[in-house]
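A.B. asks: Here's a sequence, model it:
(one chain, ligands or ions: 2)
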Amino acid sequence: MVVVPPPPPHPPRHSRRVIVLKLGGSLLTNKSTGGGGGGGGGGDGGGDDDMLLVDFGTLTLLCQSVKTILDTQYHTHVVLIHGAGSFGHIKARKYRLNLGLIPADPEQQNAQRNAVREVRKDMLTLNAHIMQALANSNVDAQSYAPHSWAKGTGPNFKGELPYSKGECTVTHGDVVDVPDEREFGILSGDDLFVRYATESQGVTAAVFATDVDGVLKVPPESATADDLLETWSSRDNEAAELSHDEKIDVTGGIGYKAASGALVAAAGVRVLIVNGHYADRVVAACNGVDSVRGTRILP
Ligand SMILES: Nc1ncnc2c1ncn2[C@@H]1O[C@H](COP(=O)(O)OP(=O)(O)OP(=O)(O)O)[C@@H](O)[C@H]1O
Ligand SMILES: C=C(C)CCOP(=O)(O)O
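C.D. replies: Ligands and ions are numbered 1, 2, ... in the order given. Got it, this is the predicted structure:
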């Protein structure tokens, strides 16, 4: 008779390891699609259909990576945060949702309130694609849209961080209520990243997956392979030119990501920015491999 050894006992819940992974909106969607809607009141550019395009190939590979990360080590929980990409930034920019309610202009306020509803709906659509791709990779995930549990913007937003009882908690950048005259604002996934990475028990890695190799000394258009910074610290912030496409993004770009990472690093957590088009780098960064190509963020 073959004796099958019993599975190792589950470690107590508090000893699980937690990995916080943010998937950049530029990886999952084409942020510049239909971007003519940017610039605060310019033309519509591409239509809504152009704006809501998901890169399913990349999404599938990234969700498979999440499964690999979960399978690599026993009793791991992944907090997966995703950005908005073209599903959020373009309309939010057009209606200036990042600034909150425009004072003394009922017509624009009306348009803004409609846009708040639309962007929340678009984010739920993007999130549904991500949940489907996770399910296809057999990841047991549950999603929590911030507009239903968070208030306020920036890393000090209010609201208790929700966690799934399963192996993966999912949340994302969103339009949230703001409890003052602004009425609403944009809560970036980078702010959620800071809070989950600093407040969760047992965080072993916090990783930003984006569409560049890491923090570059110069903007990506003019960068060569040698321009990747292996480390970036808020103390030497002149080491890189961190440009930000304000015509598209309503949140902070690579500079905000690096600064958010530095807050997490200050809490003693290992933080990396890696290129999410290379699934092996995402897995290695999440599993604490030192030699992975990317930028380690220091306090
Ligand atoms: N010095 C730099 N180093 C790296 N990236 C830079 C630099 N300057 C500008 N960038 C741009 O920053 C972008 C990454 O920031 P961005 O906020 O767009 O990322 P994202 O992954 O889409 O995140 P989010 O989901 O928060 O929108 C890159 O696509 C790159 O073009
Ligand atoms: C634009 C919206 C709705 C959210 C922005 O989230 P981010 O892409 O994570 O910064």
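
A.B. asks: which SS state does the closest residue to residue 278 other than its chain neighbours fall under?
C.D. replies: Distances taken as Cβ to Cβ, 6 or more residues apart in numbering place residue 293 nearest to residue 278, at 7.7 Å, with adjacent residues excluded. Every C-beta, even on glycine, is put in place using the N, C-alpha and C of the backbone. Following DSSP: H, G, I helix; E, B strand; the rest coil, residue 293 is assigned to coil.

A.B. asks: burial count for the residue in the chain positioned nearest to ligand 2?
C.D. replies: Going by Cβ to the nearest ligand atom, ligand 2 is nearest to residue 173 of the chain, at 1.9 Å. Per other Cβ atoms under 10 Å, the neighbour tally for residue 173 reads 30.

A.B. asks: what's the answer for residue 230, then?
C.D. replies: 10.

A.B. asks: looking at it, residue 109 is touching residue 102, isn't it?
C.D. replies: Yes: Residue 109 is within contact range of residue 102, at 6.2 Å (criterion: Cβ atoms under 8 Å).

A.B. asks: Contacts only, for the residue lying closest to residue 154 once chain neighbours are set aside.
C.D. replies: Sequence neighbours aside, residue 191 is the residue nearest to residue 154 in space, at 5.8 Å (criterion: Cβ to Cβ, 6+ apart). Shown in contact with residue 191 (Cβ atoms under 8 Å, 6 or more residues apart in numbering): 153, 154, 155, 157, 260.

A.B. asks: Also residue 102?
C.D. replies: Each residue near residue 102 by Cβ under 8 Å, 6+ apart is listed here: 96, 108, 109, 112.

A.B. asks: Repeat the analysis, applying 10 Å as the threshold.
C.D. replies: Neighbour list for residue 102: 95, 96, 108, 109, 111, 112, 182 [criterion: Cβ atoms under 10 Å, 6 or more residues apart in numbering].

A.B. asks: Low-confidence regions, this protein specifically.
C.D. replies: Counting by pLDDT under 70, the chain has low-confidence residues at 1-14, 32-50, 237, 239.

A.B. asks: chain center to stretch 114-127: distance?
C.D. replies: What separates the centre of stretch 114-127 from the centre of its chain is 16 Å, taken as Cα atoms, centre = their mean, to the nearest Å.

A.B. asks: Same question for stretch 65-83.
C.D. replies: Going by Cα atoms, centre = their mean, the spacing between the C-alpha centre of stretch 65-83 and its chain's C-alpha centre is 15 Å.

A.B. asks: for stretch 266-283, same thing?
C.D. replies: Mean C-alpha position of stretch 266-283 versus that of the full chain (Cα atoms, centre = their mean) differs by 12 Å.

A.B. asks: And ligand 1, is it touching that?
C.D. replies: No: applying Cβ under 6 Å from any ligand atom, one finds stretch 266-283 separated from ligand 1 by no less than 7.7 Å.

A.B. asks: Could you see whether ligand 2 lies near that stretch?
C.D. replies: No: Stretch 266-283 is not in contact with ligand 2 by Cβ under 6 Å from any ligand atom; minimum separation 13.5 Å.

A.B. asks: Past the longest helix seen in the chain, which element shows up next along the chain?
C.D. replies: For the chain, the helix with the greatest residue count under DSSP state H is helix 106-136. Using DSSP states H and E, the helix or strand that follows helix 106-136 towards the C-terminus is strand 141-143.

A.B. asks: which strands and helices sit next to that next one?
C.D. replies: helix 56-72, strand 76-82, helix 106-136, strand 168-172 (3 or more Cβ pairs under 10 Å, 6 or more residues apart in numbering; DSSP states H and E).

A.B. asks: okay if I get these as JSON lines plus mean neighbour count?
C.D. replies: Output for the helices and strands packed on strand 141-143, formatted as JSON lines (neighbours: other Cβ atoms under 10 Å):
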{"stretch": "helix 56-72", "mean neighbour count": "19"}
{"stretch": "strand 76-82", "mean neighbour count": "24"}
{"stretch": "helix 106-136", "mean neighbour count": "16"}
{"stretch": "strand 168-172", "mean neighbour count": "25"}
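
A.B. asks: In a markdown table, list these along with distance to residue 202.
C.D. replies: Formatted as a markdown table, the helices and strands packed on strand 141-143 follow (distance: least, Cβ to Cβ, whole Å):
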| stretch | distance to residue 202 |
| --- | --- |
| helix 56-72 | 14 |
| strand 76-82 | 8 |
| helix 106-136 | 21 |
| strand 168-172 | 13 |
